[in-house]
Every structure is written in C-alpha cells, then in structure tokens.
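*Asks:* Could you look at this predicted model? Sequence included:
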Amino acid sequence: MTETSSSGQNLYQKYLWGFRILAVLTILWGAYYLFWRYTNSLNFDYLWLALLLILAETYSYADILLFTLMMWSPARRQAPPPAQGDTSVDVYIATYNEPVELLRLTADAATRIDWKNKHIYILDDGGRAEMKALADELGCGYITRSEDWSGKPRHAKAGNINNAMQQTFGEFVLILDSDQIPAPDIIKNTLGYFEDPKVAFVQTPQHYYNLPPGDPFASDAPLFYGPILQGKDGWNAATFCGSNAIIRREALMQLGLSGFVKEVEEQMLQSMSRLHNELHFGDANPVLEEAALARFKAQLREARKSLRKGESIVIISEAVRKSVQEVRETVAEDDFEMIAADLAELAAMGDSAAEDARRFIVNRKPDLVSQAAPHAGDALGVSKAMVKSIELTCPDEAIPVLPLSTISITEDTATAMRLHAMGWTSVFHGEILAYGLAPEDLGTALSQRLRWAQGTLQILVRENPLFYKGLTLPQRFLYFNMAYSYFSGFVSLVFLLVPILYLFFGFSAISSWTVEFIARLLPLLVLNNFLHIYVTHGLNVRRSEEYSLALFPLWIQAVLSVFSGMQLKFAVTAKERQSGNHLKLVWAQITVVVLTIAASIYGFISLWQGWNPNVYGVLINIFWGAYNILPLSRIILAAVYVPPANWQPRPPDFLFPNGRPS
Amino acid sequence: MDFEMYESQLTEKVTLLILVGRFSAASAPQVREKIKQLTDDNHIEIILDMSAVNFLDSSGLAALVSALKCTRKRGGWLRLAGVTDAVMNVFKQNQLDRVFTIHSNVEAALRAS
C-alpha cells in the first residue's frame, strides 16, 4: 500500500514551467513595487514607522526570492524497485518518558517490517523497567545509557541515538520516534536508493493519524513533506527531520570521526601550548640539554603550525612522538657520557670492574641509550599525562579521550548540513511509511514548534550556513532560509501594528494612501497568492500558512532566546492531550485582535465624524486589519479547541493485521 | 610525589639514604645534590636503601655512578641495599652490577664494613 503525502501530482509537480513563470513575474513586479516604495512613498513625517514597514516588506521580498530558489528545480526521482537481500538494518525506537502502551504499538509494528536482517532496539533514555520488559517480550534489543555518560552532557535524543550507535552494528539505521508506527514496506521501499554510494540518508514524510477534525493546530504538513522537500531535494538540500529516515551508518561514522578529529586537534593544540610553556630540564647538564630543549620547542611550534594548517593528525602526532623520543635520547646520551667519564675516573683509581663497564658502555651506547632512556615526562619535567595527550600513536595507550558528544547527531538539521558539506547526498522519498501522533492541544503544538524553531536558529548562530565550507551555493541559501524564516515574527508584528497605529493615531507609514499605491500593491499580492495557490493546489495547506503569521510571538521568543544565549531545554513533546484552558498561550494574538477591531471601529467613526478625511487610507487599513484578524482568530479558536466527544483516533488497520496489541 | 628521600645517621661514620619511588631524570638531580652535600661534610660512608625504588633510568644510573665516584675520591665508599629485581636488571644490562657493591638489606651493608 503506497500513499503519497500529496494525492497524486498537483499543478506544481506537473507543470513546473507554470510555477517558474509565475515566480519570475512575482519577483519582477515585487522589485518594481519595492523600488517605488523606497523612492516614492516613504513618509518622512513618521520615518521610524515608514522604515519599519519597508524593512518588513523587504524581508518578505527576500523570502519570495528564497522560496523561488527552493522550488525552482524539484527532484524528480524514480522510486527504486523494492530492495532485496540481507543487508543489516538497525531499527532504533527512541523514547524518554512516553508510556509503554505507545511504544508497544510502534515496536509491535516494527517486528512486522518486511525485512529479514533487521534488529530492533528500544532506546530508552528513561531507563525504565517496563520498557525493558516490553523489549524482552517482543524480542527487541534494549539500550540505555552506559556509565560513560555520568557527569557528561547527555544531549537528549541525539545523545540517545549516538549512544546506541556505539553498541549496534547494522549497516543502515532506521530512526523512529516513539510514536511513529512503521509500515511493513518502510525498509524495502527506501533501501534501494542506497545503491548510489553517495546517498547518506533517505527521509520519508511525517504523517499523523490523530489529526483532530479540521486540524486546528496545523500539524499536517503536506506542503513541507511534499513540494518543499522535493524542491530542496532538487538542490541536494533535503534535510533530515529526526524520524522516519534511514541513514547509512558509514556516513554518520564519517561525520562523527571528523568531529572527533576536530576535538582531538584542539586538544593537541592545547597540550602542545602548555607543554611548550612548562618545559624545563633537570640540571644535570644544562648546556647540552638547553640545546635539545630549544630544538624540541621549535619542533613543537612547527607541529602546531601544521595542525592549524589542517595536515594529517596522525603524521603530526608521529612527528611529535619522534621529537619526544629525540629528547629522551639526548638526555640518555648525556647520562651515559657522564657515566663513562665517571667510570674512567674510577678505573684510574684502580677499579677494574669500572674499566670493564666503561668499555662495555662505550661500545654499546646506542642500544643502552634506548633501553635506559628516561620516560619523556621525567626528561621534560612535565606530567606524564600531558605528554601522553600528544603522543596519539602510542600503541599501548588507549586514545586518551573518546568524546561521545562529538560522534553524534547534534540535531537533525545540523547533521544533514554537515553531511551535505562533506559531499554526501540525501533523498526525499515522498511515500508515507510511518504513522505518528500530532499534538492534540495547543500547548503541546506550540512547545513542539518552539523547539523546532530554536533548534534551527541555533545552527545559524553556531555554524552559519552561508559561510559553511563544503556547501554549494543553493544549499547555503536553503539552509539559511530555514532559520531566516523564523525572523518573520518581527516582520509579522510590524504588519499587524501598522493598521492599528494608523487608525488610532494617524501614524502613517506611507506618504499617501492613494490609488497609485493600491495599483502597485494589489498586483503583487495577487501574483504572490497565485504563486502559493499554484504550489499548494490539491494540498490542504491553508492552515500552516496562516499559522506562520499567527505564531509571531513564538518566533520572536525563539529568536530572542537563541540570540541571548539562554539555555534551551529539550522539551519532549507530550504525546497525550493536555487538558486545560490554553487561552493564556495566545494572549498576544488576542490583544492584537481586540486592538485591531477597536481601531477599525474608531476608524469608521473618524471617517464619519470627519476627523480623518483620508477615505482611502482608512478603508485600506481597515481591510488590512481584517486580513490580519483572520489567521489570528483561528489560533485563538485553537486555544479553546475541544475534540468531539466520540473522537477516537486510531492508527490505520493495515498496520496491525492481527488486531491492535493491548 | 613520585620520589622521596630520607636521611639518617646509622653510626658515627655511616649515613643511610632511603630512596622511594622513581629514580629518574626528574629526581636524579636531587640525589646528586644530597651526595655532594654529604661528602662535602665529610660523610663519606654512605648506604643507599633502594628497596622502595621501583624505577631506574639512565639519569638515575648516572647519579649513582657519580655518587660512587664522589665517595671513592674522598676515600669513602657507597653501598646499595635491597635492590629489586627490576632495578637489578638495569644494572646488569649496563654491566654496572659488578661496579657497585650490592647487599640484600641495610644490615648486611652495615655489617660488611
């Protein structure tokens, strides 16, 4: 049974040229409009407001550009034939505090995935006995965090998966959230893409079987898990969404290794700096050994330079080891020189054993030197540990630090970005192969979106995609776009406040509300809307679009929290409906609606009373206000949404041919 | 601390130096200093208790040979006591086991005078 996330092909998928024409028209007209706005319509009486508005409009225009780029050249993939064979695939089901009954559905269905060589593991970050019991009952593996993690940052789900990676061996890893019930074909239908050795992961859609009627929380995302990911896929920028994806282990290991190597490099650099500064010799033979010390320090500086230039760590480490060995041998040579000299003196006093020993030592010096050379730490006057930390290739020493946190999926988008930068490809496979749970109340929906927003924004702060080495230009813009879109919170706020400010106070962002203005704005609005309709035709997406405007407080909160560096908690999305009145969550939206309505009434009155003679201005702003209120009111309704009394969502029956497990 | 040294006067003429830990490049200078100081003060009969020395390298050897020479030059002697097998190997590898007088313990070293 194959179900795509969009029913059949929509306009965009069938007639790409139509999209391109519309997009170019929109962009051209938009440029014309903006130009006119900048040169003809700025109201210098209220420059602050005028600038705010025009900056907001410019932001939106850039958004259109990025959107067009994203959708310009979607991937047209042929689904590969169902895979066969006995490639090993690990199935990870990640959980933290979700109830056992939920995991039971997922794990039970997982046992029926149509693939011989699969190993199912429940990754229980909560370490609960009932999970272990479930795993045992269904014959699944059970993995929880080992002691290596105590005292180290846990990195939530990423750490959970990383931990499991160290303990399993499948060539591929299918990652499922605890609520994502897999269809039997999930491995068969996706493994074929990996015939191409450059494919790192295949992402499939997230689809929900518990959408409340009317989808008040706009969880369904057929636009994203459809045309948008297809568009990104066309630029090899299809991102990893954290669940319902199969990953090639080798890709992750390479990712982890390069991250590990980076950390080792930093460690080595630090150690070498400290070593360089703390070195001193014992005072046995200062002159000779000063020279050796100076030589060693010079070699250390060379090694640091090479490391910074990015040369092979193994080679550098070997070179440092040789330098250290040289120092040891210098010291030992000195020692034996002195021993021979003293033995000569003793021999001169008549000690024949001393003479024999002296001769022996002089003849066999090289061997004796390596046998009896002082340990590097002793020779250099620094701690053994410090020397060890740069002697990477010491065969009998374990690698001093195995930083678990670096061999990891940090978060979904960051992982995909790094993989892309390393030259891997990703695939979006638009067939629904897992069925999960959407939030059933507004609070849960909002906290989920906040988490996604903060996670994506963190990437911009930490590793700016625009300058990320290894990404192609389109990839850079598309990754950047993911974070860029969250700044729309501020932009939306401007769009919401402008009509209110005008109707109440007469603050005009535009120099004149005239036909000229309308004549230029209207076509742009029409074109832009047509563009969206074209892309989303056949998909039920109106909700998510409205939601973006209506969630402006959330986006603002996300941006502020990330850029102020506040600690972000990884709030696990509740998988059960949280009851309670959620109106508190939408106080900002309620305020705006109330103010807009009041402003509109005031506007009418001021027209009627003649306080504001500008008919066009008032009418335009009233319409604008009404246009704003619509999406806001929907989210307010979502806050008080109560599902119908007899509403019982259940996963599709085909997933449980023997009836749902209880 | 990787290395420690304790001093005690066994008899009027004989000094005991107890060495503990790693006798290596880091600790050798300390021992040299001590021997020089002792011989300068005319303590030229010295027993080194090596039973707690777990490591000896070329620098330690050099310090021992130098100590031997120092005491001998002034007409005294240096004896080693309680050398472990591992340390004994180091002497043997360098044919220094016949250059030093090595006793099984401090009493034996004392009685030998």
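*Replies:* Structure received.

*Asks:* Need the pLDDT of A:Glu431.
*Replies:* Looking at A:Glu431, its pLDDT stands at 94.

*Asks:* before we move on, what about the one 5 residues further on?
*Replies:* The pLDDT attached to A:Gly436 in the predicted structure is 94.

*Asks:* and it, backbone torsions?
*Replies:* A:Gly436 adopts backbone torsions of phi -130, psi -170, taken as degrees, to the nearest 10.

*Asks:* Quick check, it in contact with A:Asp177.
*Replies:* Yes - at 6.5 Å, A:Gly436 counts as touching A:Asp177 under the criterion of Cβ atoms under 8 Å. Heads up, the C-betas are built off the backbone N, CA and C, glycines and all.

*Asks:* Now the common contact residues for the two.
*Replies:* A:243-244 (Cβ atoms under 8 Å, 6 or more residues apart in numbering or on different chains).

*Asks:* Please, where are all the strands along chain B?
*Replies:* In chain B, the strands defined using DSSP state E lie at B:3-9, B:14-23, B:45-56, B:77-81, B:101-103.

*Asks:* Need the ones you listed in a markdown table (columns: distance to chain A, mean pLDDT and mean neighbour count).
*Replies:* As requested, the strands of chain B are exported to a markdown table (distance: least, Cβ to the nearest Cβ, whole Å; pLDDT from 0 to 100; neighbours: other Cβ atoms under 10 Å in any protein chain shown):
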| stretch | distance to chain A | mean pLDDT | mean neighbour count |
| --- | --- | --- | --- |
| strand B:3-9 | 10 | 93 | 13 |
| strand B:14-23 | 7 | 94 | 21 |
| strand B:45-56 | 8 | 94 | 22 |
| strand B:77-81 | 11 | 94 | 22 |
| strand B:101-103 | 10 | 93 | 17 |
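
*Asks:* Quick one: closest of the ones you listed to A:Ile533.
*Replies:* With Cβ to Cβ as the measure, strand B:14-23 is the member of the strands of chain B nearest A:Ile533 (80.7 Å).

*Asks:* Quick check: what element follows the lowest-mean-pLDDT helix or strand in chain A along the chain?
*Replies:* Lowest mean confidence among the helices and strands of chain A (mean pLDDT, DSSP states H and E): helix A:384-390, at a mean of 64. Using DSSP states H and E, the helix or strand that follows helix A:384-390 in sequence is helix A:412-421.

*Asks:* Show me what that next one is packed against.
*Replies:* Contacts defined by 3 or more Cβ pairs under 8 Å, 6 or more residues apart in numbering or on different chains; DSSP states H and E place helix A:412-421 against strand A:199-203, helix A:249-278, strand A:425-428, helix A:442-462, helix A:473-484.

*Asks:* for the last one, what is the average pLDDT?
*Replies:* When pLDDT is averaged over helix A:473-484, the result is 94.

*Asks:* what do you get for the fourth one?
*Replies:* In this model, helix A:442-462 has a mean pLDDT of 84.

*Asks:* And it, how far out from the chain middle?
*Replies:* How far helix A:442-462 lies from its chain's middle: 11 Å, per Cα atoms, centre = their mean, to the nearest Å.

*Asks:* helices or strands up against that helix?
*Replies:* For helix A:442-462, the contact count by 3+ Cβ pairs under 8 Å, 6+ apart identifies helix A:412-421, helix A:473-484, helix A:552-563, helix A:615-639 as packing neighbours.

*Asks:* swap the cut-off to 6 Å and go again
*Replies:* helix A:412-421, helix A:473-484, helix A:552-563 (3 or more Cβ pairs under 6 Å, 6 or more residues apart in numbering or on different chains; DSSP states H and E).

*Asks:* Next, the buried residues of the last one.
*Replies:* Spelled out, that is helix A:552-563. Within helix A:552-563, the residues scored as buried using 16 or more other Cβ atoms under 10 Å in any protein chain shown are A:552-559, A:561-562.

*Asks:* And the second one, by the same measure?
*Replies:* Using 16+ other Cβ under 10 Å as the test for burial, helix A:473-484 gives A:474-484.

*Asks:* send the alpha carbons of it over as PDB?
*Replies:* Provided in PDB are the C-alpha atoms of helix A:473-484 (Å, rounded to 0.1, in the frame of the first residue of the first chain):
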ATOM      1  CA  LEU A 473      25.600  28.000  -3.100                       C
ATOM      2  CA  PRO A 474      22.000  26.900  -3.400                       C
ATOM      3  CA  GLN A 475      22.500  24.700  -0.300                       C
ATOM      4  CA  ARG A 476      23.800  27.600   1.700                       C
ATOM      5  CA  PHE A 477      20.800  29.700   0.800                       C
ATOM      6  CA  LEU A 478      18.300  27.000   1.500                       C
ATOM      7  CA  TYR A 479      19.700  26.100   4.900                       C
ATOM      8  CA  PHE A 480      19.900  29.800   5.700                       C
ATOM      9  CA  ASN A 481      16.300  30.200   4.700                       C
ATOM     10  CA  MET A 482      15.300  27.700   7.300                       C
ATOM     11  CA  ALA A 483      16.500  30.000  10.000                       C
ATOM     12  CA  TYR A 484      15.700  33.200   8.200                       C
END
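
*Asks:* Run through who's touching the helix or strand just after that helix.
*Replies:* Proceeding N to C from helix A:473-484, the next assigned helix or strand is helix A:488-505, under DSSP H and E. Residues outside helix A:488-505 that contact it (Cβ atoms under 6 Å, 6 or more residues apart in numbering or on different chains): A:52-53, A:56, A:59, A:507-509, A:549, A:552, A:555-556, A:592, A:595-596, A:599, A:602-603, A:621, A:624-625, A:628.

*Asks:* can you pull the buried residues of the helix or strand where A:Val594 lies?
*Replies:* A:Val594 is part of helix A:587-609, with elements assigned from DSSP H and E. Residues of helix A:587-609 classed as buried: A:588-590, A:592-593, A:595-596, A:599-600, A:602-603, A:606-607 (neighbour count, 16+ other Cβ under 10 Å).

*Asks:* mind giving me JSON lines with those residues and columns for distance to chain B?
*Replies:* As requested, the buried residues of helix A:587-609 are exported to JSON lines (distance: Cβ to the nearest Cβ, whole Å):
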{"residue": "A:Ala588", "distance to chain B": "65"}
{"residue": "A:Gln589", "distance to chain B": "69"}
{"residue": "A:Ile590", "distance to chain B": "71"}
{"residue": "A:Val592", "distance to chain B": "71"}
{"residue": "A:Val593", "distance to chain B": "75"}
{"residue": "A:Leu595", "distance to chain B": "75"}
{"residue": "A:Thr596", "distance to chain B": "77"}
{"residue": "A:Ala599", "distance to chain B": "80"}
{"residue": "A:Ser600", "distance to chain B": "83"}
{"residue": "A:Tyr602", "distance to chain B": "84"}
{"residue": "A:Gly603", "distance to chain B": "85"}
{"residue": "A:Ser606", "distance to chain B": "88"}
{"residue": "A:Leu607", "distance to chain B": "92"}
